[in-house]
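**Student:** coords please:
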Amino acid sequence: MHTMSLSPACSGNARTPDWQRRVARAFSRAADGYVQRAGAQLAMGEALWNRLPDKTARILDLGCGPGHWSTRLAERYGAGCRVIGLDLASGMIEVASRQHGNDVCWLCADAAALPLHAHSQDLIFSNLAIQWCPDLEMVLKELRRVLRPGGRALITSLAPGTLAEVGHAWSRPGQPAALLDFRSRERHLVAARLAGFRQVDCRERVARFHYPGLAAVMASIKGIGAQTSRPGARLTRGDLARAVHRFEGLREPEGLPVSYRLLTLELEA
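**Tutor:** A predicted model of the protein is given here:
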């Protein structure tokens, strides 16, 4: 079970000064195999696809990864639409450019400091990216800045309770698993209003997926870059056996469950 050689879960509650560098490096390492392992993430992105406007001319795909949604957006809206795919991880941008070519403008940049002019975008599409950003308020202010008046941002993010089963499996007595410190629906609503969005809608639901075993669960997380190891963390055979036993206690007829508390935001500038 070589997939278990790294730290078992998303660490980063403290979001240390090197947090963004570590996230970028983890996602860059995951870039080549991302689409093959990101079935849950792609399925959750469909919540945004169904909310797209009929027409638009300038789109930013924020946290574009290896370019799946960027290229779909370019195909949907055709030659009259300019799509920018932006990601913090240079490895993701390299894979996106190599696999999808120049129909999309690819940028490696920070969501909290967008290299774009004010009011330059009609639509921002962002699937499961902003939960990795340490400064939610600054990111939403930047999105509001680059959107034209009347422009829209369609965003998915994750709320507390995400990966609860993974946390249960890997926790130790008196030491919870180091899961990412997901932010609440209320926090997103406040941040969006402070950013100056005219209309704010944020809906929360649980999206559940099933896997045949713990190795498949952890491969799905590691494969999408969401497994940033704790400095100095080492797993023992006992850790692995304990995690398998705890997760097996949650098994359902469909397999081992993994829950995401999915936030879907629709913001209008």
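**Student:** Please enumerate the strands of the chain.
**Tutor:** 58-62, 82-87, 105-108, 121-127, 147-158, 199-211, 256-268 (DSSP state E).
**Student:** and of these, who's closest to residue 93?
**Tutor:** strand 105-108 (4.6 Å; Cβ to Cβ). The C-beta positions use only the backbone N, C-alpha and C, and glycine is treated the same way.
**Student:** quick one: strands adjacent to the closest one?
**Tutor:** Neighbouring strands of strand 105-108 in its sheet, by DSSP bridges, are strand 82-87 (parallel).
**Student:** quick one: the partner strand to strand 58-62, angle?
**Tutor:** Computed by axes from the mean of the first three to the mean of the last three Cα atoms, to 10 degrees, the angle separating strand 82-87 from strand 58-62 equals 10 degrees.
**Student:** Let me see the mean pLDDT of strand 82-87.
**Tutor:** For strand 82-87, mean pLDDT is 98.
**Student:** Where does pLDDT dip in the protein?
**Tutor:** By pLDDT under 70, the weakly predicted segments of the chain are 1-17, 19-20, 22-38, 173-179, 223-235.
**Student:** Could you check how far the most centrally placed residue in it is from residue 207?
**Tutor:** Centroid-nearest residue in the chain, with Cα atoms, centre = their mean: residue 128, separated by 2.7 Å. Separation of residue 128 from residue 207 (Cβ to Cβ, to the nearest Å): 11 Å.
**Student:** Now do the shared contacts for these two.
**Tutor:** Common contact partners of residue 128 and residue 207 (Cβ atoms under 8 Å, 6 or more residues apart in numbering): residue 44.
**Student:** State the number of residues packed around the closest residue in space to residue 204 that isn't next to it in sequence.
**Tutor:** Excluding the flanking residues, the one nearest residue 204 by Cβ to Cβ, 6 or more residues apart in numbering is residue 185, at 4.9 Å. As a burial measure, residue 185 scores 16 neighbours (other Cβ atoms under 10 Å).
**Student:** Residue 185 is in contact with residue 200, isn't it?
**Tutor:** No - taking contacts as Cβ atoms under 8 Å, residue 185 lies outside contact range of residue 200: 11.1 Å.
**Student:** I'd like to know how many residues surround residue 191.
**Tutor:** 21.
**Student:** which residues touch it?
**Tutor:** By Cβ under 8 Å, 6+ apart, residue 191 lies in contact with 136, 137, 140.
**Student:** Give me the distance between it and residue 158.
**Tutor:** 15 Å.
**Student:** Repeat that for residue 69.
**Tutor:** Note on residue 69: its distance to residue 158, by Cβ to Cβ, is 17 Å.
**Student:** ok so, going back, now mean neighbour count and distance to residue 39 too, for the strands of the chain, in a markdown table please.
**Tutor:** Formatted as a markdown table, the strands of the chain follow (neighbours: other Cβ atoms under 10 Å; distance: least, Cβ to Cβ, whole Å):
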| stretch | mean neighbour count | distance to residue 39 |
| --- | --- | --- |
| strand 58-62 | 26 | 19 |
| strand 82-87 | 26 | 20 |
| strand 105-108 | 18 | 24 |
| strand 121-127 | 25 | 13 |
| strand 147-158 | 21 | 15 |
| strand 199-211 | 15 | 7 |
| strand 256-268 | 20 | 11 |
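**Student:** Mind putting the ones you listed into a markdown table with distance to residue 236?
**Tutor:** Below are the strands of the chain laid out as a markdown table (distance: least, Cβ to Cβ, whole Å):
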| stretch | distance to residue 236 |
| --- | --- |
| strand 58-62 | 39 |
| strand 82-87 | 35 |
| strand 105-108 | 38 |
| strand 121-127 | 36 |
| strand 147-158 | 29 |
| strand 199-211 | 23 |
| strand 256-268 | 21 |
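**Student:** quick one: which of those strands is nearest residue 242?
**Tutor:** Nearest to residue 242, of all the strands of the chain, is strand 256-268, at 15.1 Å by Cβ to Cβ.
**Student:** what angle separates the closest one from strand 121-127?
**Tutor:** Between strand 256-268 and strand 121-127, the angle comes out at 170 degrees (the same axes, to 10 degrees).
**Student:** May I have strand 256-268 as CSV, with CA atoms only?
**Tutor:** Provided in CSV are the C-alpha atoms of strand 256-268 (Å, rounded to 0.1, in the frame of the first residue of the first chain):
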residue,chain,number,x,y,z
LEU,A,256,-16.0,3.2,2.3
PRO,A,257,-17.8,6.6,2.4
VAL,A,258,-16.1,9.9,2.0
SER,A,259,-18.2,13.0,2.6
TYR,A,260,-17.6,16.6,1.3
ARG,A,261,-19.6,19.5,2.6
LEU,A,262,-19.9,21.3,-0.6
LEU,A,263,-20.5,25.1,-0.7
THR,A,264,-21.9,26.5,-4.0
LEU,A,265,-21.6,30.3,-4.2
GLU,A,266,-23.2,32.5,-6.8
LEU,A,267,-22.0,36.2,-6.5
GLU,A,268,-23.0,39.2,-8.6
